[in-house]
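>>> Give the three-dimensional model of this entry:
(one chain, ligands or ions: 1)
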Amino acid sequence: MSPQTIDVVYLVSAALFIFSLKWMSDPTTARNGVFAGVAAMVLAVAGTLLRPDITSYTWIAIAIVLGTAVGVPLSWVPLTAVPQRTALSHAFGGLAAGLVGIGKYYLFLHDGDLTAFRTGAIVFEVTFGLLTCTGSLVAAGKLQEVLPTRPVTYPGQNVVNFLLMGGAVAIGVALVWRPELTFLFPLLVLLALAFGVLLVLPIGGADMPTVISLLNSYAGLAAVAMGFVLENKLLIIAGALDGSSGLILSIMMCRAMNRSFTNVLFGAFGQVAAASGAVEQRSAKIATIEDAAQILENADRVVIVPGYGMAVAQAQHRVRDVFEHLTKKGIDVRFAIHPVAGRMPGHMNVLLAEAEIPYDQLAEMDDINPDMGQVDVCLVLGANDVVNPAARHDKTSPIFGMPIIDADKAHTVIAIKRSMNPGFAGIENELYFADNTLMLFGDAKAVMGDLARQLSGETH
Ligand code: NAP
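Model (predicted):
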């Protein structure tokens with residue numbers, strides 16, 4: 001294929017990547033966004049494979065077979081394990097960028113083509129690529145609980161990390177300034193690998209999704225540098241989109257948890273969680289399925305707050321059944337979506353969309369909170385931290401300041417979960433002991449199934 005045709009293919013691909021991101025930001029267009037993203041990637045790969053400067057396809061074929069062998073099983077993981085799967089994808093992406101950078105460094109060196117600009121781009125690519133690789137592996141290990149999820153800390157940790165980072169920057173500058181100091185390059189590789197591990201180890205499991213999204217933006221930056229090294233414009237564009245969207249997502253997640261970036265990266269959040277949570281003995285009121293069905297049937301306005309428990313139980317289809325029964329009875333049912341409910345951004349939206357719950361029944365936290373005082377029943381389904389009122393007033397709570405859905409302001413709260421166990425932050429939830437709260441114990445899917453049957457009258 002001629003270079004001009006490839007440029008056109010790349011241009012269409014770049015436009016599709018941009019539309020893909022735009023469309024994915026709204027549930028009504030998200031599906032088209034996915035198709036546009038896939039089409040963009042197919043065009044990008046096809047355009048690259050048809051470049052006239054490719055002399056042999058042998059290694060490319062081996063890479064495709066290996067990539068498929070790893071990628072297909074990775075796609076089988078359940079939705080609740082998507083954060084660690086995403087971390088693994090970033091690890092592979094970072095490794096690929098790092099290896100390309102290392103390969104290109106020695107090729108340019110051999111051919112006498114190592115300009116200062118190329119060295120600079122390679123230093124950037126290798127540093128960000130390899131730290132993304134090891135950092136993402138540690139993040140995946142923590143999320144999968146094969147590594148300790150608690151922050152692993154030691155005195156002077158931040159100083160050590162800054163020294164490592166300073167060392168990498170100094171070596172990078174030295175390599176650009178004095179290209180003959182080639183012995184420094186392997187040192188840069190080792191520093192980048194070590195920095196990735198040491199950067200993520202002290203961060204608690206609770207902050208891993210934010211860290212993963214930050215590592216995503218690092219992988220994007222590595223891809224931009226790789227685009228300059230390989231002189232591939234599409235890689236620069238796609239890398240920049242990846243880098244900036246990862247950064248924007250991290251910022252949004254930090255806001256939703258009322259945390260700052262520095263606090264996530266250097267704050268060792270998980271440590272505080274253990275200190276809080278010692279609470280005096282209190283008792284909660286317990287409801288039966290029959291009680292819950294009766295309360296719901298007598299309501300005019302119901303808000304369902306889904307959380308991580310709905311995701312693990314895969315209860316979304318039973319939720320739809322309950323939603324339909326209530327709607328048929330003329331009851332207004334809405335879903336309150338907290339930005340960090342579940343274990344990844346958009347987790348609840350994806351599950352509810354899978355169960356074909358109409359988008360317009362979904363309300364974001366800031367939109368629904370002002371109405372919570374007029375809600376008759378708030379059904380808290382496997383959500384815990386995102387409805388914990390301590391976040392509003394208890395300054396000692398590790399989640400103090402995190403915006404929450406004001407479930408406690410509803411006239412009656414029915415909380416469905418299996419026990420009084422805490423959620424992700426590891427702290428007790430005072431909502432469960434409130435006068436207007438009834439606990440309905442059980443697995444989210446089983447309880448919602450029973451509730452649907454009760455509401456349909458099948459059990460009468
Ligand atoms: P949560 O605080 O983790 O609580 C989930 C609750 O679900 C648990 O208390 C658990 O209680 C219950 N549960 C578990 N399995 C269940 C089942 N099969 N049936 C019924 N209930 C079940 O969840 P959340 O309220 O959704 O809050 C999300 C947390 O993750 C927040 O702390 C947030 O900051 C954190 N986080 C989320 C993201 C993100 O992107 N979404 C990112 C970073 C951090 P039982 O064991 O008693 O059943």
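
>>> can you tell me how far A415 sits from A434?
10 Å (CB to CB, to the nearest Å). Any C-beta I mention is one placed from the backbone N, CA and C, and that applies to glycine too.

>>> Please identify which of these two sits among more neighbours.
For A415 versus A434, neighbours defined as other CB atoms under 10 Å are more numerous around A415 (27 against 16).

>>> quick one: that one is in a strand?
Yes: the assignment for A415, made by DSSP: H, G, I helix; E, B strand; the rest coil, places it in a strand.

>>> That one - nearest residue in space that isn't next to it in sequence?
V380 (4.3 Å; CB to CB, 6 or more residues apart in numbering).

>>> burial count for that neighbour?
V380 has 30 neighbouring residues, counting by other CB under 10 Å.

>>> Now do the same for it: helix, strand or coil?
Three-state assignment for V380 (three-state DSSP): strand.

>>> so who does it touch?
Contacts for V380 were tallied using CB atoms under 8 Å, 6 or more residues apart in numbering; they are V305, G307, V387, A407, V413, I414, A415, I416, L431.

>>> Any idea how many residues pack against the residue in the chain that the ligand sits nearest to?
Relative to the ligand, the nearest point of the chain is G423 (2.1 Å; CB to the nearest ligand atom). By other CB under 10 Å, 20 other residues sit near G423.

>>> From what I see, it and H338 are in contact.
No: contact between G423 and H338 fails when scored by CB atoms under 8 Å: they sit 11.7 Å apart.

>>> so what sits against both of the two?
With CB under 8 Å, 6+ apart, G423 and H338 have common neighbours G307, A383.

>>> what's the burial count for N349?
Neighbourhood size, N349 [other CB under 10 Å]: 20.

>>> Look up the closest residue to it, ignoring the ones flanking it.
Leaving aside its sequence neighbours, N349 sits nearest to P27 (CB to CB, 6+ apart; 5.9 Å).

>>> and that neighbour, what element?
Using DSSP states H and E, P27 is not contained in any helix or strand.

>>> Got the phi and psi for it?
Backbone geometry at P27, expressed as degrees, to the nearest 10, gives phi -60, psi -30.

>>> before we move on, the earlier item: T327 versus the residue nearest to A415, what's the distance?
For V380 relative to T327 (CB to CB), the value is 19 Å.

>>> my read: L451 touches I289, true?
Yes: in this structure L451 lies within contact range of I289 using CB under 8 Å: 5.9 Å.

>>> Could you check which of these two is surrounded by more residues?
Neighbour count, other CB under 10 Å: between L451 and I289, L451 has more, with 26 against 18.

>>> hey, which helix or strand in this protein has the poorest pLDDT?
Within the chain, confidence by mean pLDDT, DSSP states H and E is lowest for helix 270-275 among all helices and strands, at a mean of 44.

>>> Direction included, what does the helix or strand that that one is followed by pair up with?
Once the chain leaves helix 270-275, the next helix or strand it forms, by DSSP H and E, is strand 285-286. Using DSSP bridges, the strands paired with strand 285-286 are strand 437-441 (parallel).

>>> about what we covered before: which secondary structure state does the residue of the chain closest to the ligand sit in?
Of the three states, G423 takes coil under three-state DSSP.

>>> My read is that the residue nearest to N349 contacts L362, right?
Yes: contact criterion CB under 8 Å: P27 and L362 qualify, at 7.3 Å.

>>> which residues are in contact with both of those two?
The contact sets of P27 and L362 overlap at N349 (CB under 8 Å, 6+ apart).

>>> neighbour count winner among these two?
In this view P27 and L362 are compared by other CB under 10 Å, and L362 has more residues nearby, 20 against 16.

>>> Do I have it right that the more buried one meets I337?
Yes: assessed by CB under 8 Å, L362 is found in contact with I337 at 5.5 Å.

>>> Overlap in contacts, the two.
Both L362 and I337 are in contact with N349, where contact means CB under 8 Å, 6+ apart.

>>> thinking I295 is in contact with A410, fair?
No: judged on CB under 8 Å, I295 makes no contact with A410 at a distance of 11.2 Å.

>>> between the two, who's got more neighbours?
Between I295 and A410, counted using other CB under 10 Å, A410 has the larger neighbour count: 27 against 18.

>>> Which other helices and strands does the top helix by length along the chain contact?
Counting by DSSP state H, the longest helix found in the chain is helix 82-111. With contacts defined as 3 or more CB pairs under 8 Å, 6 or more residues apart in numbering; DSSP states H and E, the packing partners of helix 82-111 are helix 58-74, helix 116-143, helix 184-200, helix 208-230.

>>> a strand runs through R334, doesn't it?
Yes: membership of R334 in a strand is supported by three-state DSSP.

>>> For the stretch 251-400 of the chain, which segments count as strands?
With DSSP state E, counting those that start in this stretch as the criterion, the stretch 251-400 of the chain has strands at 285-286, 301-306, 332-337, 362-364, 377-381.

>>> Could you say which of these is packed most deeply?
Burial of the strands of the stretch 251-400 of the chain is given as mean neighbour count (mean count of other CB atoms under 10 Å); strand 377-381 ranks first at a mean of 28.

>>> Report the rounded mean pLDDT for that one.
The pLDDT scores in strand 377-381 average 98.

>>> Adjacent strands (with direction) for that strand?
strand 301-306 (parallel), strand 412-417 (parallel).

>>> Would you convert these into TSV that also reports distance to the ligand?
Shown next, in TSV, are the strands paired with strand 377-381 (distance: least, CB to the nearest ligand atom, whole Å):
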stretch	distance to the ligand
strand 301-306	8
strand 412-417	4
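
>>> Number of residues surrounding L431?
L431 has 22 nearby residues by other CB under 10 Å.
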